[in-house]
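Novice: here is my input, please return the structure:
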Amino acid sequence: MSVKASAGEAIPRSLKSNRVNTLFIIPGSDFAPIIETYAKTGGADIPEAITAVHENVLVTMAHGYVLATGKMAAAAVHVNVGLANAAMGLLNAHSDDVPIFMISGRNPLTEGSRMGSRHTPIQYGKEMFDLTGIVREAVKWDHVLRYAENAADLVSRGYSVAMTEPKGAVYMSLPREPLCKQTEVPGPPARWRRPWLIPTCRPSQKQQPN
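Specialist: Numbers count the residues shown, from 1 in each chain. Predicted coordinates:
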């Protein structure tokens, strides 16, 4: 029998299973299910949470952690202005080829009774046409979470891209509706194969020299 949890719980669990042991975070209501996961688990089997008071400082802390330990770090910030404040830190990480899994909230996509939908005026004022555009030039890969069942595998995919040479930051934005939706608790991370390493033919099919 599979165990169900929110995508907001699947993401930190998948980070931990991908050997990301530290999440630098400025908590926000736009990714409340992730915060609830720390309250629910007491920090067991998920990355250690370290907070800061400004996003530039937060990403700089993650940058320094990677340089000091050789291990990838994750960082989570608010939607809109939070991600904008983090951009300078990501540009610095890009210059150093430092792998950081960058996460931000995203304004809810729907209105009404759906779990996670918009319910305050601020969620209209912070809507952006292209949120990812703030950091796209500083990351190797970006993605918007659309379906809860993809959350854990997307973390594994992002980790694989970030740790492939040349290493670098990746970014995923998290609309609240899929983040609140229930999915299966992730198992071991998926192993992503780089397409350029897949052989085009078997050795027996290769032409022999004349």
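Novice: give me the packing partners of the helix or strand residue 36 falls within, helices and strands only.
Specialist: Using DSSP states H and E, residue 36 sits in helix 32-41. On a contact count with 3 or more C-beta pairs under 8 Å, 6 or more residues apart in numbering; DSSP states H and E, helix 32-41 meets strand 4-6, helix 7-17, helix 176-180. (C-beta placed from N, C-alpha, C; glycine too.)
Novice: let's see that with 7 Å instead.
Specialist: In terms of contacts (3 or more C-beta pairs under 7 Å, 6 or more residues apart in numbering; DSSP states H and E), helix 32-41 is packed against helix 7-17.
Novice: mean confidence score for the helix it packs on?
Specialist: Helix 7-17 shows a mean pLDDT of 94.
Novice: repeat that for stretch 159-166.
Specialist: pLDDT averaged over stretch 159-166 gives 96.
Novice: try stretch 53-70
Specialist: Here the average pLDDT along stretch 53-70 is 97.
Novice: list the buried residues of stretch 138-156.
Specialist: In terms of neighbour count (16 or more other C-beta atoms under 10 Å), stretch 138-156 has its buried residues at 138-143, 145, 148, 150-152, 154-156.
Novice: re the thing from before, from the chain's centroid, how far away is the helix or strand just after the helix holding residue 36?
Specialist: Downstream of helix 32-41, the first helix or strand assigned by DSSP H and E is strand 48-51. Average the C-alpha atoms of strand 48-51, do the same for its chain, and the two points are 15 Å apart (C-alpha atoms, centre = their mean, to the nearest Å).
Novice: what of stretch 148-160?
Specialist: Centre to centre, stretch against its chain (C-alpha atoms, centre = their mean), the figure for stretch 148-160 is 8 Å.
Novice: just the C-alpha atoms of it, please, in PDB.
Specialist: Coordinates of each C-alpha in stretch 148-160 appear next as PDB, following Å, rounded to 0.1, in the frame of the first residue of the first chain:
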ATOM      1  CA  ALA A 148       2.000  16.700  -7.900                       C
ATOM      2  CA  GLU A 149       3.000  13.200  -9.100                       C
ATOM      3  CA  ASN A 150       6.000  14.700 -11.000                       C
ATOM      4  CA  ALA A 151       7.400  16.500  -8.000                       C
ATOM      5  CA  ALA A 152      10.000  14.000  -6.700                       C
ATOM      6  CA  ASP A 153      11.200  13.000 -10.200                       C
ATOM      7  CA  LEU A 154      11.600  16.700 -11.200                       C
ATOM      8  CA  VAL A 155      13.900  17.200  -8.100                       C
ATOM      9  CA  SER A 156      16.000  14.200  -9.300                       C
ATOM     10  CA  ARG A 157      16.100  15.600 -12.800                       C
ATOM     11  CA  GLY A 158      17.200  19.000 -11.500                       C
ATOM     12  CA  TYR A 159      19.800  17.500  -9.300                       C
ATOM     13  CA  SER A 160      21.200  15.500 -12.200                       C
END
